[in-house]
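# let's see this in three dimensions:
(chains A, B and C)
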Amino acid sequence: MHVPDGFLDVPTSIATGAIAVGAVGVALRRAEREIAETGPALPGLTAAFVFAAQMVNFPVGAGTSGHLLGGALAAVLVGPWTGMLVLTAVLLVQGLLFADGGLTALGTNVVNMAVVGVLVGYLVARLVLRWLPRRARSVVPAGAIGAFVSVPAAAMSFTVLYAIGGAVDIPLPRLAGAMLGWHLVIGVGEAAITAAVLSAVVATRPDLIYLARHLPAEARAGEPAVAPGPTVKVRTGARPLAIGSVVTLVVAGGLSLFASADPDGLEYVGEAMGFGTAARDSAAATSPLADYALSGVADPWLSGSAAGVIGVLVTVALGLAAAALVVRLRGRRVRPEPSGVG
Amino acid sequence: MPSDLPGGSPGAAVPNGAAGDRGGAPDVGSPPALDVRALGFAYPDGRTALRDVSLRVEPGERVALLGPNGAGKTTLALHLDGILTPAHGEVRVGELTVERSTLAEVRRRVQLVFQDPDDQLFSPTVRDDVAFGPANLGLRGAELAERVLEALDAVGMAEHADRVPYHLSFGQRRRVAIATVLAMRPDVLVLDEPTSNLDPAGRRELGEILDSLGAALVIATHDLPFALQLCPRSVVLDDGAVVADGPTADLLADADLMSAHRLELPYGFDPRSVPPARDPRVGRP
Amino acid sequence: MPGHDAPTDGLLVVVDSPVHRLPAQTKVVAVVAVVAVVVLTPRGAWWVLAAQGALVALTATVARLPVRLVLRRLLVEAPFVVFAVLMPFVAEGPRVQVGPFSLSHAGLIGGGTVLVKATIGVLAAVVLAATTGPRELLAGLERLRLPAVLVAILSFMLRYVGVIADELHRVRVAREARGGGQGDRAGLAAVAGGVGTRFVRTYERGERVQQAMLARGYTGRMPALGRGGATTAQWALALVLPTAALMVLLVGLAMTVPR
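Residues are numbered from 1 along each chain as shown, chains lettered A, B, ... in the order given. Predicted coordinates for the structure are as follows:
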C-alpha cells in the first residue's frame, strides 16, 4: 500500500501533499489538548508499536500472511486525530529512513493511510458502536469492522488518486477491481488482528481505549464476571454482523461496480507469471465469485455488483467470526445489558 | 567505569546536591528532607495502594523501603515526587508541601530512578537524556553541557554521551538513568528496585556509585543484602501500610517479621555476619 | 576506504564523508528535490533517467557507502513493484507481442519508467538514511519547521521502535518454542494475542515515560534538538545533486524537442 516515487505525476503529488499538510494541521490542532494531557510519549510509543506491528507477519490462512496497517486500530485506541498523527509519524519514518513509500509520494501515502484509513476506520467503528450494547467490550467488534472497511477504503483512495494522476493509463474498472478484491482479503486480516489487539486491551485496561472512554466501565478489577447467558451471545454476535453488513454493502456495493467482469489481483499475478489460462481452470475459477461476476446473472454491471456484495458479506462474516472467536477466547462476558440499545 | 568513580570520598562527588551545599551534618530543627504524613491512596479501579503511611527522612539519610511485590513501594515513590496526588494525608519536601504550586521545586529536589531504565531514557542519545531535566530547569549552553558531563562522570558513562540508549547494556542504561537524575542535583534520590536485572558486577558498581552520593536515598527494593549494605535504616511496607521501621540489621535478623512479609534473605546469608551500613551523615565535616 | 564491512549503527553507516557531514535538513531537502526532478522526467526518457540514477549513485559513492549494503537495501519489500511489472499486461493501447505475451506498448514504457523512478527514489532515501543518524534527522526536521509535537512523536517512536520490535520478536520466539504453527487459525489468534498484550505493555510504558518526564520537570515543551543552522555553503553543496539532475532533465528535453 506504500506508494513509491513515480506512480503519480507531480501535480497530483503536490496536491496530495497539500491535502496531507492541511489534514495533519487539523489533526495537530484537534489533538492538542489530548497530547498536552498524556504527553507526546504515548502517541510516540503508539507509533513505534504500529511500526513494529507492521513488520509482524500474521498467518491469514491458505499459506499466505498479511500484516497490520494499523490505521483503524490507532484511531480506536488513541482517537482519530492523534491516530492520524501516529500514522503520519510511521509513514514519515518509513519514507525517510526505510525507503518504504516514496518521498514525493509521502502526501499520497498520508492521505490514503493516515487520513482516509484512520478516519474511515474510526467513523465506521463509531457508527457500529452506536448499535452495540453500551459497554467497553463493544469496541472490539466495532473496531474490527472499522478496520475491515478502512483497508479497502484506503485502496479506493489510491485508485481515485491514480485515476487522476497515474503514470500509466490503466482501465479504471480493472484497477479498482484488483485493488478492491485484494484489499478486501487484507481487510479480513486487518479486522482479525485489530479485534485481537483490542480485546487484549479491553481485558486489562479498558480505560486506555479512546473509543470506549464514554462507555460505562465494565467488570471492574476484583468483581467476578457473571457467566454469560445464551441470549447475550446471540445479541452481541448478531448486531455487529447486521450493522457491518449494511455499512460495508453500501461502501463496497458501489465500488464493486468498477470491479465487474475483471479478474482479481491474484489472477493478475497469475497472468503475469504466464499461467493465466491455467488459473481459469483452477478451483477459484469454479467458485461462484470467480472473476467477481456471478455466472447466473446476465447484465455484467449488475452481476459484478452482486458479486461484490456477496464477497463483502462473506468477508464481513468471516471477520466477525474471527472477532467473536477472539472475544470469546479472551475473556468471559459480563452480565447482560439491563436496558436496550435504542 | 567504576575506576573513574570518586571512590572513598563522597564529598568529592560533584553532583551531591544541595544536601552537601548546606553543610552536611543535620542541624537540629532543620526540616526533614522528606516527611510523609498519614498518606492514603487508592487507584481509580478501587484498589487501595497505601493506607496511613508516615515516613520521615532526614537530609542525607539512607532508608531502604522493603516489602514484597505489590506492597505499594512504587506507589509511595510516585507520591514523593508529586506524580500521584494523595487521597489522604500529605507529603512534605523540606519546608514545602507537595501540591500543584510547589511541583517544580519538589521535582528538582526529589528525583526518581524508575525500575526499568528504558522508561527513563526516552531521548535519542544519552547526552540529550541527561540534559532533559536541567534543560527543563532553564539551563542552556555551556552551563547545561557542564552539568551533563558532571552527572555522566559521576556514573562513569561520560565517554558514552553520544550513544543511543537502546544500544547500551542493561547495566550501562541503569547508570545513565541515575545520571539523568543526578543532573538535577537532587536532595533526595528515590530508587525503585535499582538492582533488578543487574549482574553481580553491575550491582556492586551501582552500590559504589550510590555510596558516593551526598543526597538522601530512599531505596525501594527486595534485595535485602543491598539494603543492608547501603541503608542503616529500613522501613517494611506490606499491603500499603508501614509494618516496621528500624535499623536494617535488626529488621533483617527478625525472622518472624521477614517471613510474615514474604521477605527472604539469600541462601546462607546471615545479616549479623556483615558490618552494617555506615551512616553517611556521621563523620562528615 | 569504503570497505565491505563498514561499521553500521542501525541504518547509519559510520564513516566520515562530505555527505555525512552535511546538516540533515539540507540532505532532506536535497533528496526530496532530486526525487521530484526524477518524477518530473517524462516517461521513456531513458537516457535522462539513467543519468539521474547515475548522479544519485555517484552521491552514494561520495558518501563512501559499501556497494553491497546499498544493493541489499534497495531490495525493500515493495509490492508496488509487482504493480509496475503488471502494467504492460493491463494497460490499454496498441499491443506488442513479446514471446508468449501480448503487451501494451504504453504499459511497457510506463511500467518501466515507474520502476526506474521508484528505484532512484529508493536509492536516494537509502543514501539519506545511511548518512544521517536518527537524532540528526530529527534535528533537521525540527529545523525544517516540522511541528514540535510531530518531532516529539517521531523522537519517541525512533527511541522505542527497537525496544518494541525486540519484544514482539520475543513473543514470536516464545510462541514457536511452544510449538505454535504458522498458517492456521490458531496461529493467527496466537500472534494477534501476543501483539495485543504487547500493546498494553507499550501503552503502560508510555504512561511511565510520561511520569519519568514529569519527574524531571517536563512542563509540556520538549527541549530543542537543533545545534545551529546550515551555512549557505552547506546548502549549496547539498543542492548540487538536485540541480545537476534538473540540468540533465533540461538538456534531455532540449535535445528531444522536435524542430
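# residues of chain B that sit close to chain C?
Residues of chain B lying close to chain C (CB under 8 Å from any CB of the partner chain) are B:78, B:81, B:83, B:104, B:107-108, B:111-112, B:114, B:116, B:118-125, B:128, B:131-133, B:135-137, B:164-167, B:180-181, B:184. Using the backbone N, CA and C atoms, a C-beta is placed for each residue, glycine as well.
# give the contact list for B:Ile209.
The neighbours of B:Ile209, taking CB atoms under 8 Å, 6 or more residues apart in numbering or on different chains as the test, are B:5, B:154-156, B:175, B:178.
# same list (those) but as CSV, adding neighbour count and distance to B:Glu143.
Putting the contacts of B:Ile209 into CSV (neighbours: other CB atoms under 10 Å in any protein chain shown; distance: CB to CB, whole Å) gives the following:
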residue, neighbour count, distance to B:Glu143
B:Leu5, 18, 24
B:Ala154, 24, 17
B:Val155, 28, 20
B:Gly156, 19, 22
B:Arg175, 25, 23
B:Ile178, 26, 21
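# just name the closest of those to chain C, please.
Taking CB to the nearest CB as the measure, chain C sits nearest to B:Ile178 out of the contacts of B:Ile209, at 12.6 Å.
# pLDDT score assigned to the residue of the stretch 101-250 of chain B found nearest chain A?
The stretch 101-250 of chain B approaches chain A most closely through B:Phe122 (6.4 Å), counting by CB to the nearest CB. Note on B:Phe122: pLDDT of 92.
# quick one on the thing from earlier: wait, which of the contacts of B:Ile209 is closest to C:Val116?
Among the contacts of B:Ile209, B:Arg175 lies closest to C:Val116 (CB to CB), at 50.5 Å.
# so which strand or helix has that closest one?
helix B:170-182 (DSSP states H and E).
# and that helix, what other elements does it pack with?
With contacts taken as 3 or more CB pairs under 8 Å, 6 or more residues apart in numbering or on different chains; DSSP states H and E, helix B:170-182 sits against strand B:110-113, helix B:117-120, helix B:126-136, helix B:141-154, strand B:188-192, helix B:200-211.
# need those in a markdown table (columns: distance to B:Asp239).
Listed next are the helices and strands packed on helix B:170-182 as a markdown table, based on distance: least, CB to CB, whole Å:
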| stretch | distance to B:Asp239 |
| --- | --- |
| strand B:110-113 | 23 |
| helix B:117-120 | 25 |
| helix B:126-136 | 33 |
| helix B:141-154 | 37 |
| strand B:188-192 | 18 |
| helix B:200-211 | 28 |
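# is chain C contacted by the host helix or strand of A:Pro43?
With elements taken from DSSP H and E, the one containing A:Pro43 is helix A:41-54. Yes: using CB under 8 Å from any CB, helix A:41-54 reaches chain C at A:41-49, A:51-53.
# I figured B:Cys231 hits B:Ile219, correct?
Yes: contact status for B:Cys231 versus B:Ile219: in contact at 6.1 Å, counting by CB atoms under 8 Å.
# shared neighbours of these two, anything?
B:62-64.
# from the residues you listed, which is closest to chain C?
Within the shared contacts of B:Cys231 and B:Ile219, proximity to chain C (CB to the nearest CB) peaks at B:Val63, which comes in at 18.9 Å.
# adjacent strands (with direction) for the host helix or strand of that closest one?
Here B:Val63, judged by DSSP H and E, is contained in strand B:62-66. Strand pairing for strand B:62-66, using DSSP bridges, gives strand B:216-221 (parallel), strand B:233-238 (parallel).
# buried set for that strand?
Neighbour counts over strand B:62-66 (16 or more other CB atoms under 10 Å in any protein chain shown) mark B:62-66 as buried.
# run a quick neighbour tally on B:Arg185.
Other residues lying near B:Arg185 total 25 when counted by other CB atoms under 10 Å in any protein chain shown.
# just say helix, strand or coil for it.
Per DSSP: H, G, I helix; E, B strand; the rest coil, the secondary structure class of B:Arg185 is coil.
# domain-wise, how is chain C divided?
Domain ranges of chain C: C:8-132+C:229-256, C:147-215, per automatic domain parsing.
# could you single out the most deeply buried of the strands paired with strand B:62-66?
Of these, the one with the most neighbours on average (mean count of other CB atoms under 10 Å in any protein chain shown) is strand B:216-221, at a mean of 25.
# what's the angle between that one and helix B:200-211?
150 degrees (axes from the mean of the first three to the mean of the last three CA atoms, to 10 degrees).
# next secondary structure element downstream of strand B:216-221?
For strand B:216-221, the following helix or strand on the C-terminal side (DSSP H and E) is helix B:224-230.
# can you list the neighbours in contact with that following helix?
B:62, B:64, B:66, B:194-195, B:203, B:207, B:210-211, B:217, B:219, B:221, B:234, B:248-249, B:252, B:263-266, B:269, B:271, B:274, B:276-277.
# kindly report the same for stretch B:45-53.
Residues outside stretch B:45-53 that contact it (CB under 8 Å, 6+ apart) are A:220-222, B:36, B:38-43, B:72, B:75-76, B:79, B:88-89, B:237, B:239-242.
# from these, which land in strands?
Members of those lying in strands (criterion: DSSP state E): B:36, B:38-42, B:88-89, B:237, B:241-242.
# of the residues you listed, select the buried ones using a PyMOL command.
With 16+ other CB under 10 Å as the burial test, the buried ones among the ones in strands among the contacts of stretch B:45-53 are selected in PyMOL as follows:
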select buried, chain B and resi 36+39+40+41+89+237+241+242
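# with pLDDT added, can I get the ones in strands among the contacts of stretch B:45-53 in a markdown table?
Formatted as a markdown table, the ones in strands among the contacts of stretch B:45-53 follow (pLDDT from 0 to 100):
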| residue | pLDDT |
| --- | --- |
| B:Val36 | 94 |
| B:Ala38 | 92 |
| B:Leu39 | 93 |
| B:Gly40 | 93 |
| B:Phe41 | 93 |
| B:Ala42 | 90 |
| B:His88 | 91 |
| B:Gly89 | 92 |
| B:Leu237 | 93 |
| B:Ala241 | 93 |
| B:Val242 | 94 |
